[in-house]
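Engineer: Here is the input, now give the coordinates:
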Amino acid sequence: MGETGKSLTPEEVKKREEQDEMVTAAFALTHFMFLRDRIQADNIEKHPSKKRKIIKKDDTEHSLNLLLRWTSDPPKNLPEATMAVLGRCSKPIKKQLTKSDVKKDQNRLMLSRAQVDKNFLPLFEESDTLLGKEGTRVSVYGPDGKVHEMMFKMWNEKTPVLMSGWYTFVEEYKLSMYCDFLTVLMFRHKETRAICVAIDFTRHPIVSQLSERISKIVFKV
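Structural biologist: Here you go, the predicted structure:
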């Protein structure tokens, strides 16, 4: 006769059941981790993570010479609507439009503090509200002479900006970053003596932000 199997004691049965449960749990965990890794791999394949691009700035002699010719050209004639109200005026500020200048959620044109102090502030009088948190409301005359109401103020207590209407100006004249270069002039209204601003733009075949070297030479900042 064959040898009969030895029956397990209650303690052994309990231990065997615990071992079976551990094996089952380990298998379930391994399967879960396999599925998780598979899903992550599929997502990476379908939506590869975008590395932050390092934008190379324009430091070419071609762009430098192009912009030096532009700054040395005689100023354009202002529109008749602007000329009709033009009183005492400042020296112009020229600048390249950057990415932040044309973003809808920022709605501001940033200007150089040094250039504003040098070119614009001499136009202010004792009775004028100097730049600060409150700022000064100004009429901005576009390239076609149309008037746009904006605020001229200090942003972050150190950077002069035109805002509260700036993005509407960007959309109306279809301004673009990098290729569009502004000429910004501040003047006194001939009749009301209010502070006003005139803005014109020139489009150049430039597709990236200028290097610090070119900016210093061209804009003297």
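Engineer: what's the distance between residue 165 and residue 151?
Structural biologist: Taking Cβ to Cβ, to the nearest Å as the measure, residue 165 falls 8 Å from residue 151. From N, CA and C alone the C-beta is placed, and that goes for glycine too.
Engineer: swap that for residue 167, please
Structural biologist: 13 Å.
Engineer: more crowded one of those two?
Structural biologist: residue 167 (19 against 16; other Cβ atoms under 10 Å).
Engineer: How about the more buried one, nearest residue that isn't a chain neighbour?
Structural biologist: residue 107 (4.3 Å; Cβ to Cβ, 6 or more residues apart in numbering).
Engineer: tell me the contacts of the one you found?
Structural biologist: Applying Cβ atoms under 8 Å, 6 or more residues apart in numbering, one finds that residue 107 lies in contact with 163, 164, 165, 166, 167.
Engineer: Which one of these is nearest to residue 202?
Structural biologist: Distance to residue 202 across the contacts of residue 107 (Cβ to Cβ) is lowest for residue 166, with 18.6 Å.
Engineer: Wasn't residue 109 part of a strand?
Structural biologist: Yes. The secondary structure assignment for residue 109 places it in a strand, going by DSSP: H, G, I helix; E, B strand; the rest coil.
Engineer: Which stretches in this protein count as strands?
Structural biologist: Assigned by DSSP state E, the chain shows strands spanning 86-89, 93-96, 108-110, 136-141, 147-155, 159-163, 180-189, 195-203.
Engineer: and these, which is most packed in?
Structural biologist: Each of the strands of the chain was assessed for mean neighbour count using mean count of other Cβ atoms under 10 Å. The highest is strand 108-110, with a mean of 22.
Engineer: just checking, residue 115 touches residue 92?
Structural biologist: No. Here residue 115 does not reach residue 92: they are 9.5 Å apart, not a contact under Cβ atoms under 8 Å.
Engineer: okay, and the common contacts of the two?
Structural biologist: The overlap between the contact sets of residue 115 and residue 92 (Cβ under 8 Å, 6+ apart) is empty.
Engineer: contacting residues for residue 146?
Structural biologist: Applying Cβ under 8 Å, 6+ apart, one finds that residue 146 lies in contact with 81, 172.
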